[in-house]
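Engineer: Next input, structure requested:
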Amino acid sequence: MFSRISVRTLGLALFAVCAALLAVGLYLQHIKGIEPCPMCIMQRYAMLACGLLGLITGLHDPGRRGLAAYSSLLAISATAGAGVAARQSWMQWYPPAVSECGPGLEYMLESFPLSSALPMIFRGAGDCSAIDWTLFGLTIANWSFLVFATILLSLGIYLLQRRKLGL
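Structural biologist: Numbering: from 1, shown residues only. Modelled structure (predicted):
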């Protein structure tokens, strides 16, 4: 079923979905006034990477080797995004005993080497455990995790179906 759809069409569809989700995030930030925490920003970067990979795949329409390369990069991006979203969801379900606001993402990345900044980002801050918005009882981090998991699951199904058909 999936494997009959062209790589180009799927790549462009992925780009459209990611662009729409990023637009919703910007709407919530700039219109609704919900400021993203460092973990939210990391999820945005992962979503941007997934969308750009979809766009490049759609424009390039790669062969077998190119598809393998783009699929690997997409899997890495979606896994990273899912990991951050899962960690933030965990923090929202089990907030830290002491809720303190830490420095912003830009400050951490500019002031510390990446090896020091990443643990601080994943440790999160008080604002990373705050729940500012929900839809059907799920937070932004929960929805983000579901989107990244769906990307990974869809990618796996697509590649397995292609392999089964010998494409």
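
Engineer: what separates the nearest residue to Cys18 once chain neighbours are set aside from Gln161, distance-wise?
Structural biologist: Once flanking residues are discounted, Cys18 sits nearest to Gly51: 2.9 Å by Cβ to Cβ, 6 or more residues apart in numbering. In this view, the C-beta of every residue, glycine as well, is placed from N, C-alpha and C. Using Cβ to Cβ, to the nearest Å, Gly51 is found at 23 Å from Gln161.

Engineer: Which one of the two is surrounded by more residues?
Structural biologist: Between Gly51 and Gln161, Gly51 has the larger neighbour count (other Cβ atoms under 10 Å), namely 21 against 15.

Engineer: Can you name the residues that contact that one?
Structural biologist: Gly51 makes contacts with Leu14, Phe15, Val17, Cys18, Ala19, Leu22, as judged by Cβ atoms under 8 Å, 6 or more residues apart in numbering.

Engineer: Same check on Ala13?
Structural biologist: Taking Cβ under 8 Å, 6+ apart, one finds Gly54 in contact with Ala13.

Engineer: Can you read off the pLDDT for it?
Structural biologist: As predicted, Ala13 sits at a pLDDT of 94.

Engineer: Check the spacing between it and Ala75 real quick.
Structural biologist: With distances taken as Cβ to Cβ, Ala13 is found 17 Å from Ala75.

Engineer: check which helix or strand covers Ser35.
Structural biologist: Just to correct that, residue 35 is Glu rather than Ser. Under DSSP states H and E, no helix or strand contains Glu35.

Engineer: Repeat that for the one 10 residues further on.
Structural biologist: Secondary structure here is read from DSSP H and E; on that basis Tyr45 sits in helix 38-60.
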